[in-house]
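>>> Attaching a predicted model along with its sequence, questions to come.
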Amino acid sequence: MAKPKFNLGQTLATPGALHALEEAGQSPAFFLEKHVSGDWGEVCDEDKRANDQALVDGSRILSAYKTLKGVKIWIITEAADDEGKRAATTALLPSEY
């Protein structure tokens with residue numbers, strides 16, 4: 001695995017995301033590793049630029065991936081606090097946002 005570009009904080013997943021991953025036979029860790037390495041998945045260029053900037057300024061990071069069954073999963077890492085720490089990263093379905 002590549003060196004992480006940021007800290008995930010506590011990792012969480014919604015029931016919908018867990019179900020979609022289970023149905024596809026995929027692990028949340030697979031997508032979390034992509035996310036933390038800077039592979040933002042299927043986001044628009046504007047979101048890619050915002051994520052790259054978030055590595056500098058500590059704002060929210062959003063990645064989007066599809067499971068092997070074609071279900072879209074979002075991974076969101078919350079903005080950093082005043083000390084630069086990120087509290088949580090959540091895997092969820094877009095409909096659960």
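Cool, got the structure. Bear in mind the structure is a predicted one, so any value in this text is a computation, not a measurement.
>>> tell me which residues in the host helix or strand of Lys48 are buried?
Per DSSP states H and E, Lys48 falls inside helix 45-57. Of all the residues in helix 45-57, those buried under the rule 16 or more other CB atoms under 10 Å are 47, 50-51, 54. Yep, even glycine has a C-beta here, placed from its N, CA and C like the rest.
>>> before we move on, what about stretch 19-33?
Buried residues in stretch 19-33, counted by 16+ other CB under 10 Å: 20-21, 24, 26, 28, 31-32.
>>> any idea which of those residues is closest to Gly41?
Distance to Gly41, by CB to CB, is smallest for Phe31 among the buried residues of stretch 19-33, at 8.0 Å.
>>> Checking my notes, the closest one in a helix, right?
Yes: with DSSP: H, G, I helix; E, B strand; the rest coil as the criterion, Phe31 is part of a helix.
>>> ok so, going back, inside helices: which ones of the buried residues of stretch 19-33?
Using DSSP state H, the members of the buried residues of stretch 19-33 that fall in helices are 20-21, 24, 28, 31-32.
>>> so where do the strands sit in the protein?
Per DSSP state E, the chain carries strands over the ranges 10-13, 61-66, 72-77, 88-92.
>>> what residue is smack in the middle of this structure?
The centre of the chain sits closest to Ile75, judged by CA atoms, centre = their mean, with a distance of 2.4 Å.
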